[in-house]
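# Give the three-dimensional model of this entry:
(one chain, ligands or ions: 2)
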Amino acid sequence: MATSVKQWMDKETGMINSSIFADEQIYQQELEKIFGRAWLFIGHVSLIPNPNDFFLTYMGEDPVILTRDAKGELHAFLNMCRHRGNRIVRADDGNAKNFMCAYHGWTYSNDGRLVSVPGLQEAYYGELDVDNLGLVPVAHLETYAGFVFATWAEDAPSLKDYMGDVRYYLDIRYNSTDNGSQLQGPVKWMAPFNWKVPVENASHDMYHVGVSHLSASIVQARFRNQPLRNRGEERFSTPGQRQVHAGNGHSLTANVREEGTFRRVLQGATNDGRAEAYEKSMLDEAIRRLGHYRATRISGGGSLFPNKWLGPNLAFPRGPLKTEMWVFNMTDVDMPQDLKDDIRLRQLTSASHPAGLLLQDDMDNWRSVTDSGRTPMTRRWGQRLSMGIGHEESVPGYPGLEVAAACSEAGQRGYIARWEEFMNAESWADIHIDPITAPFEGTATM
Ligand code: FES
Ligand SMILES: [Fe+2]
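Ligands and ions are numbered 1, 2, ... in the order given. The predicted structure is shown next:
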């Protein structure tokens, strides 16, 4: 059991202590208690498609190499030489059977074995325990729909249990085709805010859209030839749109369409009929994999605890006041090339791209929200995630722990509550797992 329980969020009022966004000690604990034990999204099989491919990634601040060995097996290791701790891989990605440390030349195979040590006989007198000095592997590695996840915690639950009901919604975009998706990128940049703020925003703050993004939305709607949504008072009466805390800290906004109206999932594509034609051509496959309801009626997006925000994007901690942001471009393997090209170009204007119109609004707000945890008087008054407390309900067709109106902070409360639970836990034995309740239909699996 956890020895002392700290409270950073008052669950009755939704008030949160702003120091969770700025305090150095809290930050150092997060690296161990959140990133040292949660299941973390670290890459995608399409980023390392061939034998001996590798991709440099992170689990929190810890550098990690994701590899595919000569036999095609996936591995993830700490990017750290067992001699003096040097980083052995410096390239973002590539293809290599072995990795040689640039300091003294210890060399590791891409399945983690230490295969060569200069002076093993002459200088170490044959006494080095070579068999036990391979690269440090993660405790568990699993994939979901081609996305690779890993955890450092031996006692972690399965990825399936960790995800729980959120997979019901994620399947709609990530798991509806037999051939899956492919990722490009990422685009990376450093941003001056706490890593939790973008994830909490994606958990999923619809309240800000009609205010923060109004001018950008007008431009974007014209540019994409799409109707303007979620502006002004319309935000508060959006039939079919609801915020869902799916459990285990994962939250999203779900859109349910009327039966018989076409559900367009690919919001990022130009509205010229190509995306719609593609989605219609894939509909039978989607129905087989997801069942009729999910394949034809629902769409949505949000976050995955602890650090996946919006699409397949990541927020890496780099100090309490700094975040390394990654965004990937994602398309289906089966899409025609011209649609893939269109989505890649349109992504430049999307909600999650640094060159897009929307994220510039967000990042300025996120920096300022972070800063309120930095100075004594702003810290004294705290922050408010009270919207819709007590109005969460169970709504047929929207599986999850708490289902709320589209404009609510139930999802964000679910995210912060999960964070608090992890921070107070000594091990996974202290962390609860919400049961899977969603009515999964179709043939899609993990
Ligand atoms: S630090 Fe890697 S070989 Fe010495
Ligand atoms: Fe936003």
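
# So for Val219, what's the pLDDT?
Turning to Val219, the model gives it a pLDDT of 82.

# Next one: the closest residue to it other than its chain neighbours from ligand 1, what distance?
In this structure, Val219 finds its nearest non-sequential neighbour in Leu357, 6.1 Å apart by CB to CB, 6 or more residues apart in numbering. In this view, the C-beta of every residue, glycine as well, is placed from N, C-alpha and C. According to CB to the nearest ligand atom, to the nearest Å, Leu357 and ligand 1 sit 45 Å apart.

# so who does the one residue in the stretch 301-446 of the chain that gets nearest to ligand 1 touch?
When scored by CB to the nearest ligand atom, the stretch 301-446 of the chain has Arg318 as its residue closest to ligand 1, at 23.7 Å. Applying CB atoms under 8 Å, 6 or more residues apart in numbering to Arg318 gives the contacts 61, 190, 195, 324.

# same thing but at 7 Å, please
Shown in contact with Arg318 (CB atoms under 7 Å, 6 or more residues apart in numbering): 61, 190, 324.

# What separation is there between the spatially closest residue to Tyr174 that is not a sequence neighbour and Arg173?
Nearest in space to Tyr174, with sequence neighbours left out and distances taken as CB to CB, 6+ apart, is Ala145 at 4.4 Å. For Ala145, the distance to Arg173 (CB to CB, to the nearest Å) stands at 9 Å.

# Ok, Leu31 next?
Distance from Leu31 to Arg173, by CB to CB: 30 Å.

# Comparing the two, which residue is more hemmed in?
Neighbour totals were compared for Leu31 and Arg173, and Arg173 leads with 19 against 14 (other CB atoms under 10 Å).

# pLDDT of the strand or helix carrying that one, averaged?
Per DSSP states H and E: Arg173 is located in helix 166-174. The pLDDT scores in helix 166-174 average 96.

# mind listing what's buried in that helix?
For helix 166-174, a neighbour-count test (16 or more other CB atoms under 10 Å) marks 166-174 as buried.

# Just give me the residue right at the centre of the chain.
Lys308 (1.6 Å; CA atoms, centre = their mean).

# Am I right that Tyr144 is in contact with Leu159?
Yes. Applying CB atoms under 7 Å as the test, Tyr144 and Leu159 come out as touching, 6.1 Å apart.

# Serialize the buried residues of helix 166-174 to JSON lines and add fields for distance to His213.
Formatted as JSON lines, the buried residues of helix 166-174 follow (distance: CB to CB, whole Å):
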{"residue": "Val166", "distance to His213": "25"}
{"residue": "Arg167", "distance to His213": "29"}
{"residue": "Tyr168", "distance to His213": "28"}
{"residue": "Tyr169", "distance to His213": "23"}
{"residue": "Leu170", "distance to His213": "24"}
{"residue": "Asp171", "distance to His213": "28"}
{"residue": "Ile172", "distance to His213": "24"}
{"residue": "Arg173", "distance to His213": "21"}
{"residue": "Tyr174", "distance to His213": "25"}
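
# which of the residues you listed lies closest to Ala444?
Relative to Ala444, the closest of these is Asp171; by CB to CB it sits at 5.5 Å.

# who touches the closest one in this structure?
290, 294, 444.

# Go again with 8 Å.
145, 289-290, 294, 440, 444.

# Give me the buried subset of those residues.
145, 289-290, 294, 444.

# Could you list which of these belong to helices?
289-290, 294 (DSSP state H).

# any chance of the residues you listed in a markdown table, plus distance to Tyr398 and pLDDT?
Listed next are these as a markdown table, based on distance: CB to CB, whole Å; pLDDT from 0 to 100:
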| residue | distance to Tyr398 | pLDDT |
| --- | --- | --- |
| Arg289 | 20 | 98 |
| Leu290 | 15 | 97 |
| Arg294 | 12 | 95 |
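
# Would you mind stating the distance between the residue of the chain positioned farthest from its centre and Leu128?
Residue farthest from the centre of the chain, counting by CA atoms, centre = their mean, is Glu122 at 48.1 Å. Per CB to CB, Glu122 is found 12 Å from Leu128.

# From what I see, His271 and Pro227 are in contact.
One correction, residue 271 is Asn, not His. No. Taking contacts as CB atoms under 8 Å, Asn271 lies outside contact range of Pro227: 9.1 Å.

# neighbour-wise, which of the two wins?
Comparing Asn271 with Pro227 by other CB under 10 Å, the one with more neighbours is Asn271, at 16 against 7.

# I'd like the distance between the residue lying closest to that one once chain neighbours are set aside and Gly273.
If the residues on either side of it in the chain are set aside, Asn271 comes closest to Asn225, at 4.6 Å by CB to CB, 6+ apart. Per CB to CB, Asn225 is found 10 Å from Gly273.

# Show me the common contact partners of those two, please.
Going by CB under 8 Å, 6+ apart, no residue sits against Asn225 while also sitting against Gly273.

# one step back: burial count for the residue nearest to Val219?
19.

# How far does the lowest-mean-pLDDT helix or strand in the chain sit from its chain's centre?
Here the helix or strand of the chain ranked lowest by mean pLDDT, DSSP states H and E is helix 214-224, holding a mean of 80. With CA atoms, centre = their mean, to the nearest Å as the basis, helix 214-224 stands 26 Å off its chain's centre.

# Can you point out the buried residues in the helix or strand hosting Met377?
Per DSSP H and E: Met377 is located in helix 376-381. Of all the residues in helix 376-381, those buried under the rule 16+ other CB under 10 Å are Arg379.

# With stretch 324-339 instead?
So for stretch 324-339, counting by 16+ other CB under 10 Å, buried means 324-332, 334-335, 339.
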